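> predicted model, plus sequence, below.
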Amino acid sequence: MSDLYPQPVFLLGFGGVGRALARQILAARARHAQRNRLRFVIVGVADSASSIVAPSGLSDAAIHDLLERKGRGERLADDAPPPPPDSLPAHTIVVDTTATAATVPWLMQAKARGMGVVLANKLPLAGDLSWWDAIADARARWETTCGAALPVISTLNTLLDSGDDILRIEGALSGTLGFLSSQLEAGVPFGQAVRDAKAKGYTEPDPRQDLGGLDAARKALILARMLGYRLEMRDVAVESLYPPEMDALSVDEFLREADALDAPMKRRAAELTAGGRKLRYAAEIADGKLRVGLVGAAPESKLGSIRSSDSLVVFHTRYFSDNPLAVSGRGAGQEVTASGVLGDLVGLSRAMRP
């Protein structure tokens, strides 16, 4: 179809989400052509070890080959660093599905050239405010930074664009900590709950990356910055579920010694669930401040009634006051995250199209 708009795309990151996105782009060719007169042209792929660039576009067969190569643990190509942004077509959309702040200088160069950016990577938006100021504009999308494909960012943008006043945002932003909270509420000892969560694949390889609360804090900080709060991460009150001295332990040592936290966590859970309240690890954004930590939620509230593994964001606004607006559902997973990235790609391509 010669009248399709060719949108160049550069994939920065080719791990689980990046590869799922590439597969979904190929699978949705006919739908994008029919709905949007659009064809995504993948002009390059980079991971932490190598990159490959084809300014005129990689063929679908070449993309399948890269997917198979990465699936076998091989390098994409011999060239290690990503190419400079000025080697790509000027109207390229860069998709960052990595989990590192090392991409920030590259992204800022791309933005300076007028390129679009789609982020699944939270770090460029939750790092230094200067990064936010340089990246988070009309040529950027970041729906999947706060709940996979849940329409959290788009909902907040709609509320802000409509002139509504956002009075407070609360949310359960970590399925891992949601699971742990439900286990503690049920009386499971903390150490056992952590080991169970790791065994089920709910945590990062080092569970402390979840237990420290920083992932939830980064998601909440992105929402707070969208409200205009000029906050840095150091301004966020974050409740860690383990003491800082345990950072020096190996993962195996931590998993063994986590039992030492059983008694204090049992007391904390009992305090917060008194009167039948539900234990949740939640964020609260209000009055220019941001906090993430354990709370006791009323069982009839939106926060108290969600399933433990679900993500939830509740918007208390001038128009949604008696019955706050809530977005909830599955907030993690490679395929669902990739689908959210693809939705962002389509939306941004539509906005940038000449």
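Great, that's in hand. Not measured: the values here are computed from a predicted model.

> what residue ranges in this protein score low on pLDDT?
Along the chain, the model assigns pLDDT under 70 to residues 1-2, 79-80.

> just the strands in this protein please.
Along the chain, counting by DSSP state E, strands occupy 5-12, 38-46, 51-53, 93-96, 116-119, 140-141, 166-172, 237-238, 278-286, 289-297, 311-317, 325-329.

> and residue 231, which of the ones you listed is closest to it?
Of all the strands of the chain, strand 289-297 sits nearest to residue 231, with 6.1 Å by CB to CB. Using the backbone N, CA and C atoms, a C-beta is placed for each residue, glycine as well.

> who are the packing partners of that closest one?
In terms of contacts (3 or more CB pairs under 8 Å, 6 or more residues apart in numbering; DSSP states H and E), strand 289-297 is packed against helix 214-226, strand 237-238, helix 262-272, strand 278-286, helix 302-305.

> please repeat the previous calculation with a cut-off of 10 Å.
Applying 3 or more CB pairs under 10 Å, 6 or more residues apart in numbering; DSSP states H and E, one finds that strand 289-297 contacts strand 166-172, helix 175-185, helix 214-226, strand 237-238, helix 262-272, strand 278-286, helix 302-305.

> how near is residue 93 to residue 204?
As judged by CB to CB, to the nearest Å, residue 93 and residue 204 stand 29 Å apart.

> for these two, work out which one has more neighbours and name it.
The neighbour count for residue 93 versus residue 204, taken as other CB atoms under 10 Å, is higher for residue 93 (25 against 15).

> quick one: that one and residue 21 touch, right?
No. Counting by CB atoms under 10 Å, residue 93 sits too far from residue 21 to count as a contact (11.9 Å).

> find the residues that touch each one of these two.
Common neighbours of residue 93 and residue 21, counting by CB atoms under 10 Å, 6 or more residues apart in numbering, are 9, 40, 118, 345.

> run through the bridge partners of the third one.
Put plainly, it is residue 118. Beta bridges link residue 118 to residue 95, residue 141, judged by DSSP bridges.

> who are the packing partners of the longest helix along the chain?
What stands out as the longest helix in the chain, according to DSSP state H, is helix 334-352. Under the contact definition 3+ CB pairs under 10 Å, 6+ apart, helix 334-352 sits against strand 5-12, helix 16-27, helix 29-36, strand 38-46, strand 93-96, strand 116-119, strand 140-141, helix 152-161.

> give the buried residues for stretch 236-251.
The neighbour-count criterion (16 or more other CB atoms under 10 Å) identifies 236, 238, 241, 242, 246 as the buried residues of stretch 236-251.

> any chance of the residues you listed in JSON lines, with distance to residue 99 too?
Below are the buried residues of stretch 236-251 laid out as JSON lines (distance: CB to CB, whole Å):
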{"residue": "236", "distance to residue 99": "19"}
{"residue": "238", "distance to residue 99": "18"}
{"residue": "241", "distance to residue 99": "21"}
{"residue": "242", "distance to residue 99": "21"}
{"residue": "246", "distance to residue 99": "22"}
